[in-house]
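*Asks:* Got a sequence here, can you model it:
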Amino acid sequence: MPVPFETLIPYGIIVAMFGVTGAGLSKIRNMQNGGKRQRRGIDQWDKVGASLLMDRDRRLTGFLRGQTDNPIAPDGYELNNPWRCEKRMS
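*Replies:* Predicted structure coming up:
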């Protein structure tokens, strides 16, 4: 007994919405990474050791995964210190 095609329309809509959502999330993550693909399989070294370098790159370029070959730091970088120090009492 054949199935009327009208019964398959909701499933087609659901599959299409999953595809649109997946493509949208992929595009947003791509834009957040400065046009680079998302990092996968990050191990302990990448989380701890390389995060310091990634933080430095973020402070230099504005993107977490951005890199620059400019030997001179941009203006304001010397005031952009990742170390938070307490104010000493006199």
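
*Asks:* how about the helix or strand of the chain with the lowest mean pLDDT: buried residues?
*Replies:* Least confident helix or strand of the chain, by mean pLDDT, DSSP states H and E, is helix 44-61 with a mean of 74. Within helix 44-61, the residues that qualify as buried are Met54, Asp57, Arg58, Arg59, Leu60, counting by 16 or more other C-beta atoms under 10 Å. Glycine gets a C-beta too; all of them are placed from N, C-alpha and C.

*Asks:* does Val15 count as helix, strand or coil?
*Replies:* Three-state call for Val15 (DSSP: H, G, I helix; E, B strand; the rest coil): helix.

*Asks:* which residues of the chain score low on pLDDT?
*Replies:* When residues are selected by pLDDT under 70, those of the chain lie in 46-47, 49-50, 78-86, 88-90.

*Asks:* ok, which stretches of this structure are helices?
*Replies:* In the chain, the segments counted as helices under DSSP state H are 9-32, 44-61.

*Asks:* From the chain's centroid, how far away is the longest one?
*Replies:* What separates the centre of helix 9-32 from the centre of its chain is 18 Å, taken as C-alpha atoms, centre = their mean, to the nearest Å.

*Asks:* one step back: could you list the alpha-carbon positions for the least confident helix or strand of the chain in PDB?
*Replies:* Extracted C-alpha coordinates of helix 44-61, given in PDB (Å, rounded to 0.1, in the frame of the first residue of the first chain):
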ATOM      1  CA  GLN A  44      45.800  18.700  28.100                       C
ATOM      2  CA  TRP A  45      48.800  20.400  26.500                       C
ATOM      3  CA  ASP A  46      46.600  22.500  24.200                       C
ATOM      4  CA  LYS A  47      44.300  23.500  27.100                       C
ATOM      5  CA  VAL A  48      47.100  24.600  29.500                       C
ATOM      6  CA  GLY A  49      50.300  25.300  27.700                       C
ATOM      7  CA  ALA A  50      49.100  26.600  24.400                       C
ATOM      8  CA  SER A  51      46.300  28.600  26.000                       C
ATOM      9  CA  LEU A  52      48.900  31.200  27.100                       C
ATOM     10  CA  LEU A  53      50.000  31.600  23.500                       C
ATOM     11  CA  MET A  54      46.500  31.700  22.300                       C
ATOM     12  CA  ASP A  55      45.700  34.400  24.900                       C
ATOM     13  CA  ARG A  56      48.700  36.400  23.700                       C
ATOM     14  CA  ASP A  57      47.500  36.000  20.100                       C
ATOM     15  CA  ARG A  58      44.000  37.200  21.100                       C
ATOM     16  CA  ARG A  59      45.500  40.300  22.800                       C
ATOM     17  CA  LEU A  60      47.600  41.000  19.700                       C
ATOM     18  CA  THR A  61      45.000  40.400  16.900                       C
END
